[in-house]
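J.: whatever this is, show me its structure:
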Amino acid sequence: MQQDLNVVVLAAGRGTRMRSQLPKVLQPLAGRPLLAHGLATARALAPRSLCVVYGYAGDMVKQRLSMPEVTWVEQAEQLGTGHALQQALPCLGNGSVTLVLYGDVPLAQESTLRQLVALASTGALALLTIELAQPTGYGRIVRNASGTIERIVEERDADEMTRSLREINTGLMAIPSCYLADWLGRLRNHNQQGEYYLTDIVALAVADGVTVTACQPAHEWEIMGVNDKAQLAALERQYQRNIASRLLVQGVTLLDPARLDVRGSLRCGCDVTIDVGCVFSGTVVLGDGVTVGAHCVLEDVEVGAGSQIAPFSHLQQCLVGTDNRIGPFARLRPGAVLNTAVHVGNFVEIKNSVIGDESKVNHLSYVGDSAVGKRVNVGAGTITCNYDGANKHRTVIEDDVFVGSGTELVAPVTVKAGATIGAGSTITREAPAGELTLARERQKTILGWKRPQKRGK
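T.: Below is the predicted model:
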């Protein structure tokens with residue numbers, strides 16, 4: 001399709017009803033800016049040219065959504081949708097059809113847009129319309145007695161009879177490029193807003209004898225726009241319902257599909273179960289038989305088959321092997337790699353460390369910048385002291401080590417294979433293989449010692 005198509009995304013509005021300093025098209029939907037969703041769909045059409053018309057906080061918009069294939073055009077004054085498309089006209093390629101999208105209408109499906117473009121490829125002006133039970137706020141499609149579209153009337157310019165019509169203009173349209181410059185040049189701003197409406201090209205097309213046709217989206221949510229935070233929240237829920245529906249079709253068990261948040265890509269194997277309130281960000285892959293407990297957060301994580309993640313665990317930029325047991329209340333930070341059959345328990349934090357097969361870190365411990373071997377038991381309250389205030393240092397714990405509770409391993413340090421570290425030890429030197437190493441002060445009692453008392457006011 002790239003030889004035949006130009007795409008223009010109108011994204012100049014500030015969005016004052018958002019009551020935010022952030023431009024409307026940068027407001028987040030499923031973890032990405034609204035405009036990013038529309039651009040992703042536009043790129044899937046492989047157009048000859050892709051142009052974004054920007055306005056308010058344009059430098060911020062361009063910086064956040066920098067893409068080499070996008071041409072950015074400024075609309076310095078917001079004088080209407082027709083005026084916006086006029087700004088883009090010099091930057092369009094030689095595509096025979098120009099598709100107009102909106103930065104605040106993010107969920108239009110690729111299949112719908114392809115249908116719209118196909119209609120315009122026949123030489124017709126193609127509109128995306130839909131009938132709404134409550135059409136308030138939208139421009140109305142006016143047809144003649146034979147059902148042919150004659151014009152679009154914006155609601156504020158419509159009389160009562162026109163306002164009673166339920167077929168509305170979504171704003172999305174595909175225009176034969178050969179007519180574009182002429183029609184845009186003939187637009188006038190004789191309306192209550194004093195703006196140049198792109199919709200006025202419908203009447204121009206009719207006057208020129210050009211067929212005006214329409215198609216409808218498969219789903220009403222495809223044309224949902226965003227003007228305030230309430231509409232943004234409604235669209236967010238719709239987006240998440242769509243994802244939940246696809247996951248259910250794929251065989252994923254969602255204990256409550258209404259309480260799922262995917263803010264990126266989630267790929268699941270067979271017999272995956274996800275409990276309520278989980279958030280998946282970035283790229284997340286869950287292998288066969290994985291269970292994710294309630295209120296977990298996973299960001300850029302791969303979880304191997306058979307692993308179970310207990311509730312309230314937070315996994316970020318890490319790799320979890322097969323048959324692991326994680327949580328509850330576990331924290332895996334960037335660089336954590338868990339091999340096979342690893343146990344990471346409650347209130348354990350692991351960062352930039354590899355944990356070997358069948359090793360356990362079950363209670364209230366911190367493991368950072370470490371290499372932990374196979375079949376290691378790390379006792380409750382163990383800390384790898386990896387930071388000296390300026391630099392990070394490595395801890396190495398070899399296979400079959402037992403680390404007693406309340407131990408401090410002061411890096412750089414190595415605990416050799418089969419060693420046992422007595423509880424409450426502070427280890428600063430290498431612990432030899434197969435031996436018990438202790439590092440405690442002798443216990444003593446100070447007779448007659450009195451606790452300090454609070455001073456009187």
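
J.: and the nearest residue to Asp208 once chain neighbours are set aside, what does it touch?
T.: If you skip the residues right next to it in sequence, Asp208 has Tyr179 as its closest partner in space, 7.3 Å away by CB to CB, 6 or more residues apart in numbering. Where you see a C-beta, it was placed from the backbone N, CA and C, and this is true even at glycine. With contact taken as CB atoms under 8 Å, 6 or more residues apart in numbering, Tyr179 is in contact with Leu125, Ile201, Ala205, Asp208, Val210.

J.: packing partners of the host helix or strand of the second one?
T.: To tie it back to what came earlier, the one meant is Ile201. Taking DSSP states H and E as the criterion, Ile201 maps to helix 201-207. Of the remaining helices and strands, those touching helix 201-207 by 3 or more CB pairs under 8 Å, 6 or more residues apart in numbering; DSSP states H and E are strand 125-131, strand 149-153, helix 177-185, strand 212-215.

J.: 10 Å instead?
T.: In this structure, helix 201-207 makes packing contacts with strand 125-131, strand 140-143, strand 149-153, strand 167-176, helix 177-185, strand 212-215, judged by 3 or more CB pairs under 10 Å, 6 or more residues apart in numbering; DSSP states H and E.

J.: going on from the last one, what's the next piece of helix or strand?
T.: Same thing as strand 212-215. Under the assignment DSSP H and E, the closest C-terminal helix or strand after strand 212-215 is helix 229-249.

J.: gap between that next one and the chain center?
T.: When distances are taken as CA atoms, centre = their mean, to the nearest Å, helix 229-249 is centred 12 Å away from the chain's centroid.

J.: and the helix or strand following that helix, which strands flank it?
T.: Sequence order places strand 253-254 as the next helix or strand after helix 229-249, per DSSP H and E. In its sheet, strand 253-254 lies beside strand 273-274 (parallel), with partners assigned from DSSP bridges.

J.: now the partner strand: mean pLDDT?
T.: Here the mean pLDDT over strand 273-274 is 98, rounded to a whole number.

J.: for that strand, the distance to its chain's centre please.
T.: Relative to where its chain is centred, strand 273-274 has its mean C-alpha point 20 Å off (CA atoms, centre = their mean).

J.: past it, which element shows up next along the chain?
T.: Heading C-terminal from strand 273-274, the first helix or strand you meet, by DSSP H and E, is strand 278-286.

J.: who touches the helix or strand following that following strand?
T.: Elements were assigned by DSSP H and E; along the chain past strand 278-286, the next helix or strand is strand 291-292. Taking contacts as CB atoms under 10 Å, 6 or more residues apart in numbering, the residues outside strand 291-292 that touch it are 253, 268, 271-275, 278, 280, 284, 286, 298, 303, 306-311, 313, 315, 326-327.

J.: parallel or antiparallel, which strands does whichever helix or strand comes after strand 291-292 pair with?
T.: From strand 291-292 onward toward the C-terminus, using DSSP H and E, the following helix or strand is strand 297-303. Paired neighbours of strand 297-303 in the sheet (DSSP bridges): strand 278-286 (parallel), strand 314-320 (parallel).

J.: select, out of these, the one closest to Ala294.
T.: Smallest distance to Ala294 across those (CB to CB): 7.2 Å, for strand 278-286.

J.: kindly export that closest one (C-alpha atoms) in CSV.
T.: Backbone C-alpha positions of strand 278-286 (Å, rounded to 0.1, in the frame of the first residue of the first chain) are rendered in CSV as follows:
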residue,chain,number,x,y,z
CYS,A,278,-1.7,-7.3,38.1
VAL,A,279,0.2,-4.8,35.9
PHE,A,280,2.3,-5.8,33.0
SER,A,281,4.6,-3.2,31.5
GLY,A,282,7.1,-3.3,28.6
THR,A,283,7.6,-6.8,27.2
VAL,A,284,6.5,-9.6,29.4
VAL,A,285,6.6,-13.3,28.5
LEU,A,286,5.0,-15.9,30.6
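
J.: what's the angle between it and helix 229-249?
T.: Computed by axes from the mean of the first three to the mean of the last three CA atoms, to 10 degrees, the angle separating strand 278-286 from helix 229-249 equals 40 degrees.

J.: what comes up buried for strand 278-286?
T.: When burial is assessed from 16 or more other CB atoms under 10 Å, strand 278-286 yields the following buried residues: Cys278, Val279, Phe280, Ser281, Val284, Val285, Leu286.

J.: work out the gap between it and the centre of the chain.
T.: Between the mean C-alpha location of strand 278-286 and the chain-wide mean there is a distance of 10 Å, by CA atoms, centre = their mean.

J.: related to what we said a few turns ago, can I get the helices and strands packed on helix 201-207 in JSON lines with mean pLDDT and distance to Thr428?
T.: Conversion of these to JSON lines gives the following (pLDDT from 0 to 100; distance: least, CB to CB, whole Å):
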{"stretch": "strand 125-131", "mean pLDDT": "97", "distance to Thr428": "70"}
{"stretch": "strand 140-143", "mean pLDDT": "95", "distance to Thr428": "79"}
{"stretch": "strand 149-153", "mean pLDDT": "92", "distance to Thr428": "78"}
{"stretch": "strand 167-176", "mean pLDDT": "96", "distance to Thr428": "68"}
{"stretch": "helix 177-185", "mean pLDDT": "95", "distance to Thr428": "74"}
{"stretch": "strand 212-215", "mean pLDDT": "96", "distance to Thr428": "74"}
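
J.: Gly225 is nearest to which of the ones you listed?
T.: Closest to Gly225 of these, according to CB to CB: strand 167-176, at 7.7 Å.

J.: quick one: distance of the closest one to the chain centre.
T.: Here the centre of strand 167-176 is set off from its chain's centre by 28 Å, with CA atoms, centre = their mean.

J.: got it, and stretch 20-35?
T.: Its chain's C-alpha centre and that of stretch 20-35 lie 11 Å apart, by CA atoms, centre = their mean.

J.: circling back to that earlier point, so can I have CSV of the buried residues of strand 278-286 showing distance to Ser365 and pLDDT?
T.: Compiled in CSV, the buried residues of strand 278-286 are given as follows (distance: CB to CB, whole Å; pLDDT from 0 to 100):
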residue, distance to Ser365, pLDDT
Cys278, 25, 98
Val279, 25, 98
Phe280, 26, 98
Ser281, 26, 97
Val284, 25, 98
Val285, 27, 98
Leu286, 26, 98
